[in-house]
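>>> Below are the sequence and a predicted model for it; my questions follow.
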Amino acid sequence: MRIAILGDRGSMTAELVHRALCAGYDVQALAQDTSKLYSGMRELTVRKGDVTTGEGIRLTIAGCPFVVWAPDSTSRVVQGMALVIRDLWQSRSLRRFVFVSSLGTNESLSQAAMASGPFPVLRLKLRTGLNEMGQAEDMLRATTLPYLILRPARLTNGGVTHRVVAVDADDRPPGHVSRSDVAEYALGVLDAPGLEGAARTIGTRRAGRVA
């Protein structure tokens, strides 16, 4: 099965590529810095490009039923989303597009405040980035594409814990989550039914939470 992973320079993209290869996918990856993604595996095709300019998106997603985009920064995410949506509309094979957003966007803002501290401090510190991500989410929600929005709690380094939970924006926020866990979860729900058009907060299970 083919999957397209769109990224830029960060470790989240590399983690998604690594986990997808381990799961047996034929991976088409787009990145600004391709050296971080080179593995010498025939199942991996890496293209140098930039989501925020549109360079390489169409070639990367061609023939892929699953597409994942995890921006490593909030810079020009709105611009990138417009270009991703444009090219996804042309794809006849798309079954699901997963957008890895941020906790604190749109209706999850109060949830992020519960997880990270006083609301005014959080809002002031993250306003620009969260607004950018929120606008990108809104653009996606205005389409009829088969999308899923994932909003990770605070990202950490570390391995897969298999303790990831997904909750709605009005639920108690889960705990911090590793990039490895986010990648593993995103790949695990690519073909899961009932998630089209959904937005979920993901993190690790807190003590006392029922599985």
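Cool, got the structure. Numbering: from 1, shown residues only.
>>> On the C-terminal side of the helix or strand bottoming out on mean pLDDT in the chain, identify the next helix or strand.
Every helix and strand of the chain was ranked by mean pLDDT, DSSP states H and E. The lowest is helix 119-141, at a mean of 72. The helix or strand immediately downstream of helix 119-141 is strand 147-152, counting by DSSP states H and E.
>>> so what strands line up beside the next helix or strand after that next one?
Sequence-wise, the next helix or strand downstream of strand 147-152 (DSSP H and E) is strand 155-156. Applying DSSP bridges to the sheet, strand 155-156 is found paired with strand 177-178 (parallel).
>>> What lies in contact with the strand it pairs with?
152-161, 164, 202-204 (C-beta atoms under 8 Å, 6 or more residues apart in numbering). In short, each C-beta sits where N, CA and C put it, glycine included.
>>> Give the buried subset of those residues as a PyMOL selection command.
Restricted to buried positions by 16 or more other C-beta atoms under 10 Å, the PyMOL selection for the contacts of strand 177-178 reads:
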select buried, resi 152+153+155+160+164+202+203+204
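>>> Adding pLDDT and distance to Arg58, write the contacts of strand 177-178 out as CSV.
As requested, the contacts of strand 177-178 are arranged in CSV below (pLDDT from 0 to 100; distance: C-beta to C-beta, whole Å):
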residue, pLDDT, distance to Arg58
Pro152, 93, 27
Ala153, 88, 33
Arg154, 85, 34
Leu155, 87, 29
Thr156, 89, 34
Asn157, 89, 33
Gly158, 86, 35
Gly159, 89, 34
Val160, 90, 32
Thr161, 91, 36
Val164, 94, 32
Ile202, 96, 29
Gly203, 93, 34
Thr204, 92, 36
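>>> Looking at the contacts of strand 177-178, which one is closest to Arg2?
When the contacts of strand 177-178 are compared for distance to Arg2 (C-beta to C-beta), Val160 comes out closest, at 22.9 Å.
>>> For stretch 53-63, measure first residue to last.
21 Å (C-alpha to C-alpha, to the nearest Å).
>>> How about stretch 149-169?
End residues of stretch 149-169 are separated by 12 Å (C-alpha to C-alpha).
>>> what's the offset of that stretch from the middle of its chain?
Offset of stretch 149-169 from its chain centre (C-alpha atoms, centre = their mean, to the nearest Å): 11 Å.
>>> Count the neighbours of Ile3 for me.
As a burial measure, Ile3 scores 24 neighbours (other C-beta atoms under 10 Å).
>>> before we move on, what about Gly63?
Around Gly63 there are 12 residues (other C-beta under 10 Å).
>>> dump the residue contacts of it.
With contact set as C-beta under 8 Å, 6+ apart, Gly63 has these partners: 2, 93.
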